[in-house]
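Asks: Okay, sequence plus prediction incoming.
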Amino acid sequence: MAHTAGTAGAGATAAASAPGSSSQPSPSNQDIVSTPPHPVGTCLAGTTSISGQTTAKKVDCNEPHSWEVYQVGTLAETTSGSSDDDLASDPNVQATCTSQAAQQYGAANPSTSVLGPGEAGWNAGKRGFSCIASDLKGGQRTSSYAG
């Protein structure tokens, strides 16, 4: 009887999982995994780094801001964490978040950085990143680099 109960329990677990699976098909799950912290064109008021994790506050591009997202991507499967050091050594970040890409986006003299999924996002399976640019000389803008 215990065997039957175990089977019923497994069936109940599978049944409980099925609605979640059917409401979120594989493409949606992949989209969630690769969704960046901020999409291209997002303006950010500044960055804050706490315990090796950098975050930024989204603002309207007409408001004073220091950073803007110019590219996005998905971390390599070999990347082992979401710290700033992990992000900096990721081959996809290195290939995507280049000064040349920031210049092509419209940042004439860019300083570049990257925002990752953060610890909570990483633990939830998120692997998207956002490349961000600011003026190398510092200061704030009240318009988008893209125009």
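Replies: That came through fine. Residues are numbered from 1 along each chain as shown.
Asks: so what are the domain limits for this structure?
Replies: 1-25, 35-135 (automatic domain parsing).
Asks: Of the ones you listed, flag the one that's most buried.
Replies: domain 35-135 (a mean of 18; mean count of other C-beta atoms under 10 Å). In this view, the C-beta of every residue, glycine as well, is placed from N, C-alpha and C.
Asks: JSON lines please, covering the domains of the chain and showing mean pLDDT.
Replies: Compiled in JSON lines, the domains of the chain are given as follows (pLDDT from 0 to 100):
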{"stretch": "domain 1-25", "mean pLDDT": "40"}
{"stretch": "domain 35-135", "mean pLDDT": "94"}
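Asks: Select, out of these, the one closest to Arg141.
Replies: domain 35-135 (6.0 Å; C-beta to C-beta).
Asks: Just send the domains of the chain back as CSV, with distance to Arg141 too.
Replies: CSV is the format used below for those (distance: least, C-beta to C-beta, whole Å):
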stretch, distance to Arg141
domain 1-25, 38
domain 35-135, 6
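Asks: out of these, nearest to Ala146?
Replies: domain 35-135 (5.1 Å).
Asks: and the closest one, how far out from the chain's middle?
Replies: Computed by C-alpha atoms, centre = their mean, to the nearest Å, the chain-centroid distance of domain 35-135 equals 7 Å.
Asks: Which one, of the domains of the chain, ends up nearest to Ser144?
Replies: Comparing these by C-beta to C-beta, domain 35-135 comes nearest, at 4.5 Å.
Asks: thinking again about what came up before, between the domains of the chain, which gets nearest to Ser143?
Replies: Per C-beta to C-beta, nearest to Ser143 of the domains of the chain: domain 35-135, 6.3 Å.
Asks: okay, how far is it across the closest one, tip to tip?
Replies: 26 Å (C-alpha to C-alpha, to the nearest Å).
Asks: All the strands of the protein, residue numbers only.
Replies: Residue ranges of the strands in the chain, as given by DSSP state E, are 43-50, 53-59, 67-74, 110-115, 128-135.
Asks: Mind putting those into JSON lines with distance to Ile32?
Replies: As requested, those are exported to JSON lines (distance: least, C-beta to C-beta, whole Å):
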{"stretch": "strand 43-50", "distance to Ile32": "22"}
{"stretch": "strand 53-59", "distance to Ile32": "19"}
{"stretch": "strand 67-74", "distance to Ile32": "11"}
{"stretch": "strand 110-115", "distance to Ile32": "17"}
{"stretch": "strand 128-135", "distance to Ile32": "9"}
